[in-house]
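> Based on what follows, work out the 3D shape:
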Amino acid sequence: MKVKRAFNFYDVINTMVTKTPKFLLEGQKTDRLIFRKLEPDDFDSWLPFFEHPDSTKYLLKFANSNPLDQCKEWFDRVFMRYNNGLGGFNVVIDKRDGTFIGMGGLQVQTVDDIPEMEVGYSIMPEQRGKGYATEAAKKMPGFCL
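Predicted structure coming up:
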């Protein structure tokens, strides 16, 4: 059964392309965080995310591969999204000391042939429980709509 939407996501996404190319939060800030694009040099900072057993518990696609392959696939997906204007996760950095908190962002997903915007985040294990995910997620809808 399809749910009738109150507004057309396709129209929202088309509007967003005009306002915010590629749906990236690059340069956006919150009280404690800065968003920037992922760079190849971030690989070693992001690899520990996949080395923690709880990190991929809900990422079924990654369930049967090793952390190095998981991280490579993650990077490939993020850069594919960047290159195709489909949004993608941004690196989330602590403004105070430059700590790599995790990643979060907006992604265009196609569900039942309808493009939809997804808000997502993944936080480094040692940074969880500090309110960073909530703070990052609250920035995203205000940025795109």
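> Show me where this protein has its helices.
Assigned by DSSP state H, the helices in the chain fall at 9-19, 43-51, 67-83, 132-144.
> low pLDDT regions in this protein?
Along the chain, segments meeting pLDDT under 70 span 1-22, 60, 62-64, 141-145.
> top strand in it by residue count?
If you go by DSSP state E, the chain has its longest strand at strand 100-111.
> and that strand, how far from the chain's centre?
Relative to its chain's centre, strand 100-111 lies at 2 Å (Cα atoms, centre = their mean, to the nearest Å).
> Sort out which residues of that strand are buried, please.
100-108 (16 or more other Cβ atoms under 10 Å). No exception for glycine: its C-beta is placed from N, CA and C like everyone else's.
> So what's the gap between stretch 84-101 and the chain middle?
Distance of stretch 84-101 from its chain centroid, counting by Cα atoms, centre = their mean, is 8 Å.
> ok, now stretch 41-53?
So, by Cα atoms, centre = their mean, the centroid of stretch 41-53 is 15 Å from its chain's centroid.
> List the buried residues for that stretch?
Within stretch 41-53, the residues scored as buried using 16+ other Cβ under 10 Å are 42, 46-47, 49-50.
> same deal with stretch 110-130?
Buried, per 16+ other Cβ under 10 Å, within stretch 110-130: 117, 119-124, 127.
> Next: stretch 32-41.
32-35, 37-38.
> want to try a markdown table for those, with distance to Tyr82 as columns?
Listed next are these as a markdown table, based on distance: Cβ to Cβ, whole Å:
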| residue | distance to Tyr82 |
| --- | --- |
| Arg32 | 25 |
| Leu33 | 20 |
| Ile34 | 18 |
| Phe35 | 13 |
| Lys37 | 7 |
| Leu38 | 8 |
